[in-house]
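Asker: Structure, please.
(one chain, ligands or ions: 1)
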Amino acid sequence: MFDVDTIRQDFPIFHQQVNGNPLIYLDSGASSQKPLSVIEAMDECYRTYYANVHRGIYQFSEKSSAAYEDARKKVARFINARSWREVIFTRNATESINLVAYTWGRQNIHAGDTIILTEMEHHANLVPWQQLAAEKGARLAYIPVDACGYCDMATFDQLINDSVKLVAVTQMSNVLGTVTPLGEIAAKAHAVGALVLVDGAQAVPHMPTDVQAFDVDFLAFSGHKMLGPSGIGVLYGKREILQAMPPFLTGGDMIRKVTFETAEWNELPWKFEAGTPAIVEAIGLGAAVDYLNKLGMPAIRKHEIELTTYAFDRLCQVEGIHIYGPPDPTARGGAVAFTLGDIHPHDLASLLDHAGIAIRAGHHCAMPLHQKLCLTATARASFYVYNQPSDIDRLAEALDLARELFGG
Ligand code: C6P
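Answerer: Residues are numbered from 1 along each chain as shown. Alright, predicted model coming up:
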């Protein structure tokens with residue numbers, strides 16, 4: 001059984017009150033809270049064995065290096081990569097996607113090529129491709145999102161042809177919650193010789209991930225949304241593709257040999273990790289992976305479906321609410337964007353904050369999607385392992401109160 005009361009005991013942040021109320025944290029889509037095991041793993045490193053990695057021939061450096069590389073192996077197993085060499089540590093999902101755009105993209109995208117995205121991409125998986133397309137004379141095409149928030153796969157079938165070199169899609173929308181049909185997209189993209197990059201920033205923390213089952217070429221995600229610290233992200237890439245790519249940043253650690261004239265690159269994954277990496281953050285991410293594995297990713301997904309089902313039932317009782325995205329909780333994640341009458345989402349968020357309820361309001365870095373929905377902003381509640389139905393009750397009660405106050 002998924003025991004939220006026990007799980008909450010592991011998160012020090014919930015041992016306090018906000019304005020005299022228990023904290024109701026409904027913004028894990030932006031960043032998750034951290035369990036004690038993550039905080040302690042990082043604290044232990046700083047207190048007892050911290051040193052730079054891959055450099056020192058002394059005990060602490062060897063221990064730090066082993067812990068850093070052990071974290072990589074945990075991440076590789078977590079996403080079912082064929083090898084730990086396919087896991088590159090970056091700062092976040094944004095940097096992971098930029099890495100691909102600047103290296104593979106600059107090498108492989110040419111004038112007349114097409115890059116397919118969806119209409120619900122986060123700016124992190126949109127702006128780098130806009131930049132690349134403008135530089136190379138390539139074209140962006142979008143899989144439309146229908147009125148219920150589902151991908152229009154019939155249009156995808158029309159878009160996919162020999163000019164397509166990359167399909168870069170979110171696995172789960174941070175606004176609509178929509179889960180993208182990755183298997184179908186990857187099969188059809190590969191059939192025309194295109195590569196598939198998946199923005200897993202919202203999905204990897206919330207459901208089992210298997211890069212081999214989906215046969216994706218690149219997967220980008222961030223540690224801070226999956227109980228780990230900020231400052232650490234992951235780029236997974238198929239080994240043969242990573243091997244053929246030029247490096248992203250150059251400098252220390254990513255080289256094998258340097259002369260006054262030239263340099264040879266290190267082997268994978270270090271070829272893409274120039275300079276001193278986020279050592280302690282990687283160790284924290286490893287501890288987060290341990291924690292998620294202990295709960296079990298299938299159980300985490302089940303809990304999220306149950307919470308989302310409850311949220312739809314309960315929030316729909318709030319007069320004037322409009323919830324965006326697929327109504328089927330099994331076809332979506334637990335990011336629930338909504339509007340309440342004509343109350344501005346920022347006003348809603350700040351009113352809820354007084355009651356100790358943290359939600360996000362704005363365009364959630366998905367401005368084109370909001371333009372399509374004819375909205376400037378939405379309010380968004382997003383759930384994770386420490387949320388429970390009573391959090392949604394509190395949210396619904398606060399929204400009722402907001403409607404009375406603002407007359408929305
Ligand atoms: N979305 C949200 O509140 P970074 O910032 O690099 O860790 O993650 C970027 C990112 C990429 N893709 C998706 C689908 C995302 O949701 C995010 C981050 C946060 O929705 C902050 S804007």
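Asker: Now residue 118: closest residue in space that isn't a chain neighbour?
Answerer: Using CB to CB, 6 or more residues apart in numbering and skipping the chain neighbours, the partner closest in space to residue 118 is residue 143 (4.4 Å). Placement of C-beta: from N, CA and C, glycine included.
Asker: in its sheet, what does the helix or strand of the chain with the lowest mean pLDDT sit against?
Answerer: Across the helices and strands of the chain, mean pLDDT, DSSP states H and E gives its lowest value to strand 17-18, namely a mean of 91. Paired neighbours of strand 17-18 in the sheet (DSSP bridges): strand 21-22 (antiparallel).
Asker: so what pLDDT did the residue of the chain positioned farthest from its centre get?
Answerer: Taking CA atoms, centre = their mean, the residue of the chain most remote from its mean C-alpha position is residue 260, at 40.5 Å. According to the prediction, residue 260 has pLDDT 97.
Asker: doesn't residue 119 make contact with the residue nearest to residue 118?
Answerer: Yes. Shown here, residue 143 and residue 119 form a contact pair, counting by CB atoms under 8 Å, at 6.8 Å.
Asker: between these two, which one's more packed in?
Answerer: Remark: of residue 143 and residue 119, residue 143 carries more neighbours, 24 against 20, as counted by other CB atoms under 10 Å.
Asker: State the pLDDT value of residue 393.
Answerer: 98.
Asker: what's the domain layout of this protein?
Answerer: 39-293, 296-405 (automatic domain parsing).
Asker: Spell out which residues of the chain are next to the ligand.
Answerer: Remark: the part of the chain in contact with the ligand comprises 29-30, 92-94, 122, 124-125, 170, 174, 199, 201-202, 222, 360, 364-365, using CB under 6 Å from any ligand atom.
Asker: Tell me which of the domains of the chain sits nearest to residue 2.
Answerer: Shortest distance between residue 2 and those, using CB to CB, is found for domain 296-405: 4.6 Å.
Asker: picking up where we left off before, confirm the residue farthest from the centre of the chain sits in a helix?
Answerer: No. Residue 260 is assigned coil when assessed by DSSP: H, G, I helix; E, B strand; the rest coil, not a helix.
Asker: Residue 402 touches residue 343, doesn't it?
Answerer: Yes. Assessed by CB under 8 Å, residue 402 is found in contact with residue 343 at 6.2 Å.
Asker: Mind checking which of the two has more residues around it?
Answerer: residue 402 (23 against 19).
Asker: Need the nearest residue in space to that one, chain neighbours excluded.
Answerer: Counting by CB to CB, 6+ apart, residue 402 lies nearest to residue 351, which is 5.2 Å off, once chain neighbours are set aside.
Asker: Now the helix or strand harbouring the one you found: buried residues?
Answerer: Using DSSP states H and E, residue 351 sits in helix 345-354. By neighbour count on 16 or more other CB atoms under 10 Å, the buried set for helix 345-354 is 345, 347-349, 351-352.
Asker: Please, where are all the strands along the stretch 201-350 of the chain?
Answerer: With DSSP state E, counting those that start in this stretch, the ranges of strands along the stretch 201-350 of the chain come out as 218-222, 233-237, 255-258, 263-265, 321-323, 335-340.
Asker: which one of those strands lies closest to residue 246?
Answerer: Of the strands of the stretch 201-350 of the chain, nearest to residue 246 by CB to CB is strand 263-265, at 8.4 Å.
Asker: Give me the contact list for the closest one.
Answerer: The contact list for strand 263-265 (CB atoms under 8 Å, 6 or more residues apart in numbering) reads 247, 250, 254-258, 271.
Asker: now do 6 Å
Answerer: Residues outside strand 263-265 that contact it (CB atoms under 6 Å, 6 or more residues apart in numbering) are 247, 255-257, 271.
Asker: Can you add distance to residue 43 and pLDDT and give the residues you listed back as TSV?
Answerer: Converted to TSV, the contacts of strand 263-265 look like this (distance: CB to CB, whole Å; pLDDT from 0 to 100):
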residue	distance to residue 43	pLDDT
247	33	98
255	33	95
256	35	95
257	38	97
271	31	98
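Asker: Which of those lies at the shortest distance from the ligand?
Answerer: Nearest to the ligand among the contacts of strand 263-265: residue 247, at 20.4 Å, using CB to the nearest ligand atom.
Asker: OK, contacts around that closest one?
Answerer: By CB under 6 Å, 6+ apart, the contact list for residue 247 reads 254, 265, 271.
Asker: Just the buried subset of the residues you listed, please.
Answerer: Neighbour-count burial (16+ other CB under 10 Å) is assigned, among the contacts of residue 247, to 254, 265, 271.
Asker: measure the nearest residue to the first one once chain neighbours are set aside to the ligand for me?
Answerer: This means residue 254. Nearest non-adjacent residue to residue 254, counting by CB to CB, 6+ apart: residue 274, 4.2 Å away. Distance from residue 274 to the ligand, counting by CB to the nearest ligand atom, to the nearest Å: 19 Å.
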